[in-house]
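Undergrad: Coordinates only, no sequence provided:
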């Protein structure tokens with residue numbers, strides 16, 4: 001048995017290239033005392049991975065020559081740790097590799113009855129991010145207007161649906177007609193803006209005549225600036241990600257319309273989902289019933305995953 005691995009060969013400059021990585025095959029590691037061996041089944045693909053390759057953030061950057069960091073779900077193949085048995089399904093930072101020897105303290109057990117696609121999306125980190133980012137940081141009130149960028153993604157799609165459950169208007173920004181149709185026709189968003197074919201600033205002015213009460217930002221850049229221009233009095237900006245800037249070779253300029261935070265008495269706050277993981281059961285408990293219904297209605301979309309093994 002061999003362990004296929006992708007290593008970081010160099011720091012990406014701009015958009016990632018194939019030769020930023022190195023593919024190797026090594027022996028499968030043996031778990032040490034108190035460790036388990038995880039056989040990776042599915043890897044999570046998330047925008048934050050681009051930052052981890054470049055620089056220290058809320059976690060240290062991946063080192064040159066290290067396995068590329070990534071969340072993954074897998075099956076316990078061998079165990080030297082009490083409480084973890086061969087066959088258990090777990091989630092943790094497995095990295096881009098078939099097998100990982102890991103400390104079980106860094107792993108979460110997953111229910112074998114829950115499909116991995118759901119356990120790694122709306123019932124996983126993305127759902128927890130959407131839940132606490134909107135409810136704890138954004139603090140929506142029924143009747144308010146919530147705008148979310150990256151709305152067709154794993155986190156943004158959940159944000160809009162929670163906003164609707166809380167009695168808010170939900171407006172999504174996404175790229176392409178297919179994505180915007182999915183937001184309105186399948187997920188129940190009140191409106192969607194295709195930033196690739198529409199003028200986002202003009203459409204926000206049209207759709208938010210009384211301003212944006214909560215802007216949930218997943219992209220940064222010009223879209224963030226456009227939302228700040230439409231901020232309502234006491235509006236809140238929830239900073240979750242900035243995928244539009246992750247490939248920038250120079251630090252992007254700050255938003256020109258940040259001054260509206262002063263005149264509109266607004267608040268712009270960043271957050272990291274790791275701060276809320278101890279409260280994850282609260283989010284999962286609230287999201288699970290609706291998620292189960294969507295599964296049987298054939299409407300589970302939004303998260304990009306890579307299946308490594310059955």
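TA: In hand now; what should we look at? All values reported here derive from a predicted model rather than from experimental measurement.

Undergrad: was I right about residue 101 contacting residue 39?
TA: No: the pair residue 101 / residue 39 is not scored as a contact, 11.2 Å apart, by Cβ atoms under 8 Å. Every residue, glycine included, has its C-beta placed from N, CA and C.

Undergrad: What about residue 282? Give its phi and psi, please.
TA: Torsion angles at residue 282 (phi, psi; degrees, to the nearest 10) stand at phi -60, psi -50.

Undergrad: Check residue 5 too.
TA: According to degrees, to the nearest 10, residue 5 has phi -140, psi 150.

Undergrad: show me what contacts it?
TA: When contacts are counted by Cβ atoms under 8 Å, 6 or more residues apart in numbering, residue 5 touches 23-26, 67, 95-98.

Undergrad: Please report how far it lies from residue 92.
TA: Separation of residue 5 from residue 92 (Cβ to Cβ, to the nearest Å): 16 Å.

Undergrad: Residue 173 too?
TA: Taking Cβ to Cβ, one finds residue 173 at 32 Å from residue 92.

Undergrad: Which one of those two is surrounded by more residues?
TA: residue 173 (30 against 20; other Cβ atoms under 10 Å).

Undergrad: For the more buried one, name its beta-bridge partners.
TA: As for beta bridges, residue 173 partners with residue 149, residue 193 under DSSP bridges.

Undergrad: just checking, it touches residue 151?
TA: Yes: between residue 173 and residue 151 there is a contact at 5.7 Å, judged by Cβ under 8 Å.

Undergrad: shared neighbours of the two, anything?
TA: Contacts common to residue 173 and residue 151, judged by Cβ under 8 Å, 6+ apart, are residue 192.

Undergrad: from the chain's centre, how far out does stretch 172-192 sit?
TA: Its chain's average C-alpha position is 18 Å from that of stretch 172-192, according to Cα atoms, centre = their mean, to the nearest Å.

Undergrad: can you check stretch 182-199 too?
TA: 19 Å.

Undergrad: now swap in stretch 11-20 and tell me
TA: The answer for stretch 11-20 is 21 Å, by Cα atoms, centre = their mean.

Undergrad: Any stretches of this protein with poor pLDDT?
TA: Applying pLDDT under 70 to the chain flags residues 289-305.

Undergrad: residue contacts, residue 83?
TA: Contacts of residue 83 (Cβ under 8 Å, 6+ apart): residue 104.

Undergrad: what about it, which helix or strand?
TA: Here residue 83 sits in a region with no helix or strand, counting by DSSP states H and E.

Undergrad: Could you pull up phi and psi at it?
TA: With angles defined as degrees, to the nearest 10, residue 83 sits at phi 90, psi -10.

Undergrad: For it, give its distance to residue 104.
TA: Counting by Cβ to Cβ, the gap from residue 83 to residue 104 is 7 Å.

Undergrad: which stretches of the chain form helices?
TA: Secondary structure of the chain (DSSP state H): helices at 48-52, 116-119, 125-132, 156-165, 177-181, 200-207, 221-229, 260-263, 280-296.
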